[in-house]
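Trainee: With the input below, show me the fold.
(chains A, B, C and D)
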Protein chains: 4
Amino acid sequence: MSLTQGQSYLAIPGPSVMPEAVLRAMHRSSPNIYEGELIDLTYGLLGDLKMVAGTAHDVAIYIGNGHAAWEAALSNVLAEGGRVLVPMAGSFGRGWGEMAEGLGVETEVIDFGRRAPIDPAQVSAALAADTGHKIKAVLAVHVDTSTSAKSDIAVLRSAIDAAEHPALLMVDCIASLGCDRFEMDAWGVDVMVAACQKGLMVPPGMAFVFFNDKAAAVRAEMRRVSRYWDWTPRANPEMYYQLFCGTAPTHHLYGLRVALDMIKAEGLEAVWARHETLAQAIWAASNAWGVGGPFELNIADPAARSHAVTSLRIGAAHGTRLRRWCQDQAGLTLGIGLGMGTDDDPAGDGFFRFGHMGHVNAQMIMGLLGTVQTGMRALDIPHGSGALEAAGDVIAAAT
Amino acid sequence: MSLTQGQSYLAIPGPSVMPEAVLRAMHRSSPNIYEGELIDLTYGLLGDLKMVAGTAHDVAIYIGNGHAAWEAALSNVLAEGGRVLVPMAGSFGRGWGEMAEGLGVETEVIDFGRRAPIDPAQVSAALAADTGHKIKAVLAVHVDTSTSAKSDIAVLRSAIDAAEHPALLMVDCIASLGCDRFEMDAWGVDVMVAACQKGLMVPPGMAFVFFNDKAAAVRAEMRRVSRYWDWTPRANPEMYYQLFCGTAPTHHLYGLRVALDMIKAEGLEAVWARHETLAQAIWAASNAWGVGGPFELNIADPAARSHAVTSLRIGAAHGTRLRRWCQDQAGLTLGIGLGMGTDDDPAGDGFFRFGHMGHVNAQMIMGLLGTVQTGMRALDIPHGSGALEAAGDVIAAAT
Amino acid sequence: MSLTQGQSYLAIPGPSVMPEAVLRAMHRSSPNIYEGELIDLTYGLLGDLKMVAGTAHDVAIYIGNGHAAWEAALSNVLAEGGRVLVPMAGSFGRGWGEMAEGLGVETEVIDFGRRAPIDPAQVSAALAADTGHKIKAVLAVHVDTSTSAKSDIAVLRSAIDAAEHPALLMVDCIASLGCDRFEMDAWGVDVMVAACQKGLMVPPGMAFVFFNDKAAAVRAEMRRVSRYWDWTPRANPEMYYQLFCGTAPTHHLYGLRVALDMIKAEGLEAVWARHETLAQAIWAASNAWGVGGPFELNIADPAARSHAVTSLRIGAAHGTRLRRWCQDQAGLTLGIGLGMGTDDDPAGDGFFRFGHMGHVNAQMIMGLLGTVQTGMRALDIPHGSGALEAAGDVIAAAT
Amino acid sequence: MSLTQGQSYLAIPGPSVMPEAVLRAMHRSSPNIYEGELIDLTYGLLGDLKMVAGTAHDVAIYIGNGHAAWEAALSNVLAEGGRVLVPMAGSFGRGWGEMAEGLGVETEVIDFGRRAPIDPAQVSAALAADTGHKIKAVLAVHVDTSTSAKSDIAVLRSAIDAAEHPALLMVDCIASLGCDRFEMDAWGVDVMVAACQKGLMVPPGMAFVFFNDKAAAVRAEMRRVSRYWDWTPRANPEMYYQLFCGTAPTHHLYGLRVALDMIKAEGLEAVWARHETLAQAIWAASNAWGVGGPFELNIADPAARSHAVTSLRIGAAHGTRLRRWCQDQAGLTLGIGLGMGTDDDPAGDGFFRFGHMGHVNAQMIMGLLGTVQTGMRALDIPHGSGALEAAGDVIAAAT
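Mentor: Numbering: from 1, shown residues only, chains lettered A, B, ... in the order given. Alright, predicted model coming up:
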């Protein structure tokens, strides 16, 4: 018997659970794109996006996904023959680096494996070794969606500064914006990329590149930037259509307006605190399950764990089975393990992920955890006791 | 800090959680009500409604709520001066009886209290005492939404037959249809009333009266029936508008079409089994919590418990507090205790209810239970351990 | 070739074109019906409904259609054996009278045919003849949806007063509320019934009964009123559920909130003026077409024409053909002729109707008229020239 | 008085009127992007997109707008230092050329002004003069959305062939796909770009690049193509995420599925024929208005007019005034004149456009024309008579 007929819960690390208010706002006839309410609405988004990013500088909106934001950001400050340093704490660092290579940019990778964040000291050392300042930028992923490792961006900035290296600090906050604390200006980030379908709670289709004056100065020195990727007219348009280099993503803009209103109503600090508490509840349960069983958090150090996605290890015999049970029997969809295959487990069947980003509350997380525990019981996967109590106590203490 | 920002879960005993496919179907421009697709769609609903009710006889659809169905059913077979027997296992039996009194019908009530179902033997005795057959109908609530007591309708039928009494057996399945097993024809029910907003998963606004040939014959002998309540043209219309005595509830009909398609796709037996398993999971958790604490199921006998709503007792000091915590801190709304006030607890603060009817699956129930347990921990309400494991094991065993 | 693929336009006299903002508001998860925002929202509707009705007295909301409102209103002030006077200017007067008969009330009908409004003098005469004051109420339809005749309610009130008769003046504004000027208190109306799916722009499913103190006093003298129809607790509830005698029509309430906000934002006087201008545009085109052809407005006197529905005569050979052409070739659905059959044309094929109520603007009406004219050209139906210019000039003059 | 309160009609040349079925399909919770129904749905779209484009070759989908498709297409076959020939019949040819320049590609422009399509003979001559075959591609806009000029692509192909030049023929069908007949393979088009928000009836956010084997061979010879723009993995993915170079535009895909189903249900030939008839109706009205007044079609030759957008000239004193009247008084939004400013009329106030693409039927067009005529009457703009009759006769003749 299947017990899935009901409200499905998609707990993958993006796209996240869409608020019904966002979907409702997008269910409308097309607006005029030349004049009228859409114009004002769009310009009003820019300030709120910057607030969420912690910057007083510029933002360019792209119709696109996270990969689009990657390429857009790179295209504005790097040219063929340039070089970037890619400290890598999971698959997405590699992905961004490959986008750079696609633009003819050389990449120098420091791989921190799949279970740790970026080590700023090694970044500093690499930069110090680059005495010719051939490295034009450091590409750092704040939260790697595959490993769920969160790197300390403020310390990374200090490490770059310590090396007295002029490289831009470019940060991917696709999986963290609106979930984990991030303060672009305070932390000294030069370029930040994000997308709408995770913490920003809008269906996939929009991406964002934030940049500061240092980055803008680099852009100004570029010999040529593709018209579509050029952030200059997007961030400071003379005409509305320049905001999107053509037709605006009309319906998404209405959705984003509602999503940003929700974030403002709750308060960004409260949003971060909510994600932190719910993540801690997940960790508490995970640790309890791990006693005497194969359930294990991928990242050992709590300070290096995302508050929005949690990567898990449970052994090749169990992971995919458990994930499928949750989906086919209980109505809960978990994320697959991404880029985590090993020699023993080439398909990565021992890995999976919880997405807990954006529109997520205590009852959802308790449902997620209760379902996973029930799946382990159904499938006879050994697991420690007291997990849901431990998670509940984290929540209880916070409220 | 509140952890409510996310998908809210409304776990009250109706209106229930609306499937997004139902809401989507209702989001449409108005259809023609004189010809075209709506006409065919509507006639197609009748057979499926009867299938869900387990009857080959007739159904009349009303724009209205459950109270409308009560009055509609009564109006077709009872006139001023008539008498009904009302075996009462909660507030809703009384409510239906009062509707009868509003029509000038005398009621004879047998009150079984708040913690037990109808005792068919007492009904049989009362009917046997009515040697003049002044009692025209027995009004029985299948599942009383206030107490969550479920009465055995098939045995009740036998009890009426044993008394050799001609009274109609009229049953309220408002809280049970599409949740708990119900077989109108097989069980010998003459009239059944239901509404759309619980197991049928459609926003409030439609009610149903099913009736068999015996009831139709009583109707045929009525001196007068109000035009609006008259079920005859509704059940066997010559013209479309007679189905609704006027304008059709256009958008609701589209919603009901989708909801019935969902029930048919899952299979009615599977729907019942799903509700049963999830109810048993709730009971298992509740029993575990009750060890050493005030948490208590209102109905002791599992056979007399609804599979769609569970009434709970936790003490006046705890009930409303717990309910509010779930809503204000976790995004879970539980049902208030209805009609359960006592001398010690006039406001009924010690009572609350779980609704688990219609569009409900394992992950939702685990979220419900996990949240309630977390609330008890947050509020220092004593409760036994192992509840979520017990609930999970019920689910695990079923899948 | 069909040219229907596009936005369909349903120009029938109800249900009307639903604003997308109304549908959007109804597309939501179920709210709590015991506490929270729905409660406040609902109580807030009452004052706005009264504003639209022009009354400072009471309103009861019913889940139901117009027929439900008819029976509800009657049930509160009339008992078996009572008598009502029904001045009839179309099918709906008869329909209301039949609802009265279904309650055991005698009806005295004055039939003004299909092409004229109520003649107040004849009503006055009939009341004057009722020296025993057996007539308890006059049932008048403000705008008869079948004939599109609009009767002068203020003059009717004067006629009743002139007869010095105590009968209640009960008025059906189902097709006129929110379209044609109506002022309940100023015009001396005692009871008014309406529904949500026409000028109020909400999908069918709610009906309204407004009543003043005189009507309330009659109600207070009633021996018995059915619990469901009793307007007393609905209009002045002690508990929320009494507003609807049971479960609230949750989603409809959200829709009605938006619809009333739209009316308030435009202003009721502006809403009436818009309907008047658009109706005049339709009449101007109709008159032009009628020169040298069979196209004819059903009601000759402009003062007696509805501003929300227009009944038309074009001959049995043309009506249904034209209506089908508009729907099957052009995407415009017109209303059928209702209750207009004659000996020569038993099916009423020579009649049809334009609905222009609620959410209707100039471009829609020009589309309606342009399509109808095109249909006449396609079907070789003779018609005069200059119709669209005439309609346009009405609109041009108003803006 | 404003008569706008009602269903607004957005008659701009994109985004077009969204079908409610498309919006409904997009109003849903997020799907899994790793497995399940979305995967199958997406792959199923590819064949239907190719059917609409008239090609058996490849298609790459981009999250983006038309400008994204421009740059994507160019990026796959042109490198810095390359050269393209841009025969220009309006603003959009220039725009595409500028995108090429942004990539370091030289452009050779042949400007055919604002009132004529591309002259293939001049293209042929230019190519013949390029004896060194430095020109790698001809960038032709099928329908220029600013001028509404439609160029003959099949003849253009012949002209290229006649010059025995190897340049790719790249065509922009953004404003024509799904509206005007287009047959990629039969007409010998090598690369075609389009977007979803016009004839394909989906909110802005997706763009498409179709390419044949000749174009793929050019791509294969490219030294480097940006990862995001590279069409190879998108068109022939090994893994699902490659289809979109990252996260899929989940909700748009559901919308596109419905839109393509609508096109298939109507039949592509019928879709084209519908657009043609409605365009002819617009032309007939426009020609009639132009007799004795300033109303004038921008393109004189019917064969060179788009079936999806019509650019109009009415004089600087009238254009913007008329457009505003339609919007502010009647609920109809027309397109502004784009790129049509002159010395006498720098703001282009004498120009405007009708969009009539995608989800558009006869009643909408009659509403559009009737409203525009009414606006001219309201504003005392001279215009000839018989326009709506002329338009109607085109429609009548077709049905």
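Trainee: counting contacts, what elements does the helix ranked longest in chain A pack onto?
Mentor: Longest helix of chain A, by residue count under DSSP state H: helix A:268-290. Helix A:268-290 sits against strand A:296-297, strand A:309-313, helix A:362-378, helix A:387-398, with contacts defined as 3 or more Cβ pairs under 8 Å, 6 or more residues apart in numbering or on different chains; DSSP states H and E. Bear in mind the C-beta positions are built from the backbone N, C-alpha and C, glycine included.
Trainee: Chain B is nearest to which of these?
Mentor: helix A:362-378 (2.4 Å; Cβ to the nearest Cβ).
Trainee: Return the set of buried residues in that closest one.
Mentor: Across helix A:362-378, burial judged by 16 or more other Cβ atoms under 10 Å in any protein chain shown covers A:362-378.
Trainee: all strands for chain A, in order.
Mentor: Here chain A has its strands, by DSSP state E, at A:9-11, A:58-64, A:83-88, A:106-111, A:135-141, A:168-172, A:191-195, A:205-211, A:296-297, A:309-313, A:332-336, A:351-355.
Trainee: right, and those strands - which one's nearest residue C:306?
Mentor: Nearest to residue C:306, of all the strands of chain A, is strand A:205-211, at 46.3 Å by Cβ to Cβ.
Trainee: Which elements pack onto the closest one?
Mentor: With 3+ Cβ pairs under 8 Å, 6+ apart as the test, strand A:205-211 has helix A:37-53, strand A:58-64, helix A:66-77, strand A:191-195, helix A:231-235, helix A:250-266 packed against it.
Trainee: Deepest-packed of those, please.
Mentor: For the helices and strands packed on strand A:205-211, the largest average neighbour count (mean count of other Cβ atoms under 10 Å in any protein chain shown) is found in strand A:191-195, namely a mean of 30.
Trainee: Just checking: what are the partner strands of that strand?
Mentor: As defined by DSSP bridges, the strand partners of strand A:191-195 come to strand A:168-172 (parallel), strand A:205-211 (antiparallel).
Trainee: Serialize those strands to CSV and add fields for mean pLDDT and mean neighbour count.
Mentor: Below are these laid out as CSV (pLDDT from 0 to 100; neighbours: other Cβ atoms under 10 Å in any protein chain shown):
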stretch, mean pLDDT, mean neighbour count
strand A:168-172, 98, 26
strand A:205-211, 98, 29
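Trainee: got the residues of the stretch 201-350 of chain A near chain B?
Mentor: Contact residues, the stretch 201-350 of chain A versus chain B (Cβ under 8 Å from any Cβ of the partner chain): A:262, A:266, A:270-271, A:273-274, A:277-278, A:325-326, A:329-332.
Trainee: Drop anything exposed from those residues.
Mentor: Neighbour counting over these (16+ other Cβ under 10 Å) leaves A:262, A:271, A:273, A:274, A:277, A:278, A:325, A:326, A:329, A:330, A:331, A:332 as the buried ones.
Trainee: residues in contact with the first one?
Mentor: Meaning residue A:262. The contact partners of residue A:262, by Cβ atoms under 8 Å, 6 or more residues apart in numbering or on different chains, come to A:19, A:21, A:22, A:201, B:5.
Trainee: give me that answer again for 10 Å
Mentor: Residue A:262 is in contact with A:19, A:21, A:22, A:178, A:200, A:201, A:271, A:358, A:359, B:5, counting by Cβ atoms under 10 Å, 6 or more residues apart in numbering or on different chains.
Trainee: any low-confidence regions in the stretch 1-150 of chain A?
Mentor: Scanning the stretch 1-150 of chain A for pLDDT under 70 picks out no residues.
Trainee: still on that earlier bit, between the helices and strands packed on strand A:205-211, which gets nearest to residue A:27?
Mentor: Between the helices and strands packed on strand A:205-211, helix A:250-266 lies closest to residue A:27; by Cβ to Cβ that is 8.2 Å.
Trainee: relative to strand A:205-211, how tilted is the closest one?
Mentor: 60 degrees (axes from the mean of the first three to the mean of the last three Cα atoms, to 10 degrees).
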